[in-house]
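A.B. asks: Okay, predicted coordinates and the sequence, questions at the end:
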Amino acid sequence: MKTLLNILAFTFTLTIVAQNTYLHCGNLIDTKSGKVLNEKTIVIKGNTIVSVNDGFITSENPDDVIIDLKSKTVMPGLIDMHVHIEGETSPTRYLDRFTKNKSDVAFVSAEIANRTLLSGFTTVRDLGGSGVNVSLRDAINKGIVSGPRIYTAEKAIGTTGGHADPTNGMRKDLMGDPGPAEGVINSPEDARKAVRQRYKNGADLIKITATGGVLSVAKNGQNAQFTQEEVNEIVKTAEEYGMVVAAHAHGKEGMKRAVIGGVQTIEHGSFMDAEVAKLMKENNTYLVPTLSAGRYVEEKAKIPNYYPDVILPKIASTMEVLDDTFSMVVKENVPIAFGTDAGVFPHGENAKEFIYMVEAGWSPMFSIKSATITNAKLLGMEGKLGVIESGYLADIIAVDEDPTKDISTMENVSFVMKDGTIFKQ
């Protein structure tokens, strides 16, 4: 009995002297006010921010840890709303589906997840893969592998021959007739079943391909690929299962149907016009610009045989309009969420999006807020992510310079903490 009491007393002692972490921050970005604050100390206990204090305070507890970030600019961990974490671009991409096993994809995705985290992105929204993305999310949550917090759509939903039909480009005897289980629909009834299947498979949200896509092995990259009734049923069923819907969309008509149907975000938006912009503002639908994907694809299209021939005209026609589209988007003040389409370009280079956003006309602070406080709200994590404040999760990063003066510093993250654990210092 005495031994048991001693153990209990020792456990209680450990509890009351548990280690805290003190981050001495030279600059701190307040994503609520949009201001850069000077000389702050963040106190962290476990995975939670306890307080943010003026000046550089210390602790009398010898077990507490003090980290010197006095020469850095500190901000909340970044959130990318559009990645494909199971793989990334390569000249063999269109052959990989015939040569790689799911176990191969799993090992690659684990390395990608760690690379993404070390680049400062502590949370990502994965918008379509094979289902390995669900297992990866769970492995990260259990601490088996390192990576960002993942919200995944599991497998994207498309229509027969549409952008998310996994058999596009195959010879006819291999095409078969994929259906809702594989994420391919052709009616409101199919739509309902496909959403329920994603829920059953462990998805956190739904992703649809409302129009054709640039990189799918099909000739049309703009056409609307769902009826209004199908979109409506997808959104309605998703809401019933506690999920939101993201819509890949390049063409105007597909965007209109998606916005009218009630999707949360439009991904890409290449051929958007003022009419669609107005509709998005009226419905509080956010655009995820994915500027990085366009820049990278345009460069790779110059390399012979990097992409199949059917894709090249789609790349050319899309790139012709992008500058004008995003000038209009900035002018019209369309709601914006930060997202990159990482996987179309190498993972870990997500922060290039900040540079492209500033070049397009958004301010550095706007771009940072879009990747923190804005995206946290869209993920339903308002009050937990996207802000450095008491009670928030300790997802914190640091860069060497002040990004409001030099946005390129976002590419060089020197400190990464996720859930109170330091992964890079």
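C.D. replies: Okay, I see it.

A.B. asks: For Asn20, give its distance to Pro166.
C.D. replies: If you measure Asn20 against Pro166 using CB to CB, to the nearest Å, the figure is 49 Å. (Glycine included, C-beta is placed from N, CA and C.)

A.B. asks: Oops, could you answer that again for Pro289 instead?
C.D. replies: 26 Å.

A.B. asks: So for these two, which residue has more residues nearby?
C.D. replies: Pro289 (31 against 18; other CB atoms under 10 Å).

A.B. asks: wait, doesn't that one sit right on Phe354?
C.D. replies: No - taking CB atoms under 8 Å as the contact criterion, Pro289 and Phe354 are not neighbours in contact, 11.5 Å apart.

A.B. asks: shared neighbours of these two, anything?
C.D. replies: The overlap between the contact sets of Pro289 and Phe354 (CB atoms under 8 Å, 6 or more residues apart in numbering) is empty.

A.B. asks: what's the pLDDT at Lys2?
C.D. replies: In this prediction, Lys2 carries a pLDDT score of 42.

A.B. asks: does the closest residue to Gly120 other than its chain neighbours have beta-bridge partners, and which?
C.D. replies: Distances taken as CB to CB, 6 or more residues apart in numbering place Val413 nearest to Gly120, at 3.6 Å, with adjacent residues excluded. Val413 has the following beta-bridge partners by DSSP bridges: Val399.

A.B. asks: and if you look at the one 4 residues further on?
C.D. replies: When bridges are assigned using DSSP bridges, the partners listed for Met417 are Ile396, Ile422.

A.B. asks: Give me the pLDDT value at it.
C.D. replies: 98.

A.B. asks: now do Leu385
C.D. replies: The model reports Leu385 with a pLDDT of 98.

A.B. asks: How about Ile336?
C.D. replies: At Ile336 the predicted local confidence, pLDDT, stands at 98.

A.B. asks: One more: Ala18?
C.D. replies: Reading off the per-residue confidence, Ala18 sits at a pLDDT of 58.

A.B. asks: Quick check: Gly162 is in a strand.
C.D. replies: No - the assignment for Gly162 is coil, going by DSSP: H, G, I helix; E, B strand; the rest coil, so no strand is present there.

A.B. asks: Nearest residue to it in space, ignoring adjacent ones along the chain?
C.D. replies: Gln225 (4.2 Å).

A.B. asks: Can you report how many residues neighbour the one you found?
C.D. replies: Summarising burial for Gln225: neighbours were counted as other CB under 10 Å, giving 29.

A.B. asks: May I ask you to confirm that it is in contact with Ile157?
C.D. replies: No - in this structure, Gln225 is not within contact of Ile157 by CB under 8 Å, at 10.4 Å.

A.B. asks: what is in contact with the two at once?
C.D. replies: When CB under 8 Å, 6+ apart defines a contact, the residues bordering Gln225 and Ile157 alike are Thr209.

A.B. asks: what's around the closest residue to Ala301 other than its chain neighbours, how many residues?
C.D. replies: If the residues on either side of it in the chain are set aside, Ala301 comes closest to Ile315, at 4.7 Å by CB to CB, 6+ apart. Close neighbours of Ile315, defined as other CB under 10 Å, add up to 19.

A.B. asks: got it, and the one 10 residues further on?
C.D. replies: Other residues lying near Thr325 total 23 when counted by other CB under 10 Å.

A.B. asks: the helices in the stretch 201-350 of the chain, which residues?
C.D. replies: With DSSP state H, counting those that start in this stretch as the criterion, the stretch 201-350 of the chain has helices at 228-240, 252-261, 274-283, 291-300, 312-332.

A.B. asks: any chance of the ones you listed in a markdown table, plus mean pLDDT and distance to Asp63?
C.D. replies: A markdown table is the format used below for those (pLDDT from 0 to 100; distance: least, CB to CB, whole Å):
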| stretch | mean pLDDT | distance to Asp63 |
| --- | --- | --- |
| helix 228-240 | 98 | 47 |
| helix 252-261 | 98 | 53 |
| helix 274-283 | 98 | 51 |
| helix 291-300 | 95 | 43 |
| helix 312-332 | 95 | 50 |
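
A.B. asks: returning to what we had before: what pLDDT does the residue nearest to Gly120 get?
C.D. replies: 98.

A.B. asks: next one: Ala394
C.D. replies: Value for Ala394, per-residue pLDDT: 98.

A.B. asks: mind checking how far it is from Arg97?
C.D. replies: Relative to Arg97, Ala394 is positioned 39 Å away (criterion: CB to CB).

A.B. asks: The two: who's more crowded?
C.D. replies: Residue environment comparison for Ala394 versus Arg97 gives the larger neighbour count to Ala394, 25 against 14, counting by other CB under 10 Å.

A.B. asks: how near is that one to Leu23?
C.D. replies: Counting by CB to CB, the gap between Ala394 and Leu23 amounts to 9 Å.

A.B. asks: if I look at these two, which residues touch both of them?
C.D. replies: By CB under 8 Å, 6+ apart, the residues touching both Ala394 and Leu23 are Ile42, Ile44.

A.B. asks: dump the residue contacts of Lys377.
C.D. replies: For Lys377, the contact set (CB under 8 Å, 6+ apart) comprises Gly386.

A.B. asks: Kindly provide the distance from it to Glu401.
C.D. replies: 27 Å.

A.B. asks: try Arg198
C.D. replies: Using CB to CB, which is the criterion applied here, Arg198 is 42 Å from Glu401.

A.B. asks: These two: who's more crowded?
C.D. replies: Between Arg198 and Glu401, counted using other CB under 10 Å, Arg198 has the larger neighbour count: 29 against 16.

A.B. asks: how close does the residue nearest to Ala301 get to Tyr306?
C.D. replies: When Ile315 is compared with Tyr306 (using CB to CB), they lie 10 Å apart.

A.B. asks: hang on, Gln19 packs against Ser59?
C.D. replies: No - applying CB under 8 Å, one finds Gln19 not in contact with Ser59, separated by 9.6 Å.

A.B. asks: Determine how far stretch 313-323 lies from the middle of the whole chain.
C.D. replies: Chain-centre distance of stretch 313-323: 24 Å, with CA atoms, centre = their mean, to the nearest Å.

A.B. asks: next one: stretch 416-424
C.D. replies: Shown here is stretch 416-424, whose average C-alpha point lies 18 Å from the average C-alpha point of the whole chain (CA atoms, centre = their mean).
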